[in-house]
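J.: give me a 3D structure for the following:
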Amino acid sequence: QVQLVESGGGLVRPGGSLRLSCAASGRTFSSYAMGWFRQAPGKEREFVAAINWNGGSTYYAESVKGRFTISRDNAKNTVYLQMNSLKAEDTAVYYCAGKIDSGGRYYRSRMWYDYWGQGTQVTVSS
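T.: Predicted coordinates:
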């Protein structure tokens with residue numbers, strides 16, 4: 001089992017940048033595929049980015065492609081989401097999620113994930 005704790009959210013102006021971190025407990029972090037999702041008020045939780053166990057494969061939602069980068073450091077049990085060129089529509093609570101998988105896959109659907117963090121608020125506003 002793994003516990004996930006997000007950090008790094010906050011208020012940023014349009015065009016600015018933030019880096020979110022998700023720290024995982026436990027010694028088997030490298031066995032997990034990881035993902036980032038977000039949920040804006042009144043909307044469903046949506047996929048943002050995913051990464052496989054060793055960082056060799058990543059996938060992004062079209063809305064963030066070219067602006068966001070997902071990465072991981074297995075030695076630090078941490079997955080990151082670098083967010084650049086932020087827009088007002090990126091405002092949401094951002095969640096990291098984990099699923100046991102050492103087979104090289106990443107997952108785009110929230111239904112696959114077994115573990116979730118508590119979320120961190122990102123607000124993009126002038």
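
J.: list the contacts for the closest residue in space to Lys43 that isn't next to it in sequence?
T.: For Lys43, ignoring the flanking residues on the chain, the nearest one in space by C-beta to C-beta, 6 or more residues apart in numbering is Ala92 at 7.9 Å. C-betas here are computed from N, CA, C, even on glycine. Residues near Ala92 by C-beta atoms under 8 Å, 6 or more residues apart in numbering: Arg38, Gln39, Ala40, Lys43, Gln121, Val122.

J.: closest to Ala61 among those residues?
T.: Among the contacts of Ala92, Arg38 lies closest to Ala61 (C-beta to C-beta), at 9.2 Å.

J.: check the gap between that closest one and Val48 for me.
T.: Noted for Arg38: a distance of 5 Å to Val48, by C-beta to C-beta, to the nearest Å.

J.: which SS class is Thr123?
T.: What DSSP: H, G, I helix; E, B strand; the rest coil gives for Thr123 is strand.

J.: on that earlier part again, could I get the contacts of Ala92 as JSON lines with distance to Trp53?
T.: Converted to JSON lines, the contacts of Ala92 look like this (distance: C-beta to C-beta, whole Å):
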{"residue": "Arg38", "distance to Trp53": "22"}
{"residue": "Gln39", "distance to Trp53": "25"}
{"residue": "Ala40", "distance to Trp53": "29"}
{"residue": "Lys43", "distance to Trp53": "30"}
{"residue": "Gln121", "distance to Trp53": "28"}
{"residue": "Val122", "distance to Trp53": "26"}
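
J.: closest to Ile70 among these?
T.: Using C-beta to C-beta, Arg38 comes nearest to Ile70 of those, at 12.6 Å.

J.: and the next helix or strand past the helix or strand harbouring the closest one?
T.: Secondary structure from DSSP states H and E places Arg38 in strand 32-39. Sequence order places strand 46-51 as the next helix or strand after strand 32-39, per DSSP H and E.

J.: what pairs with the helix or strand just after that next one, and is each one parallel or antiparallel?
T.: Once the chain leaves strand 46-51, the next helix or strand it forms, by DSSP H and E, is strand 58-60. Sheet pairing for strand 58-60, assigned by DSSP bridges, gives strand 46-51 (antiparallel).
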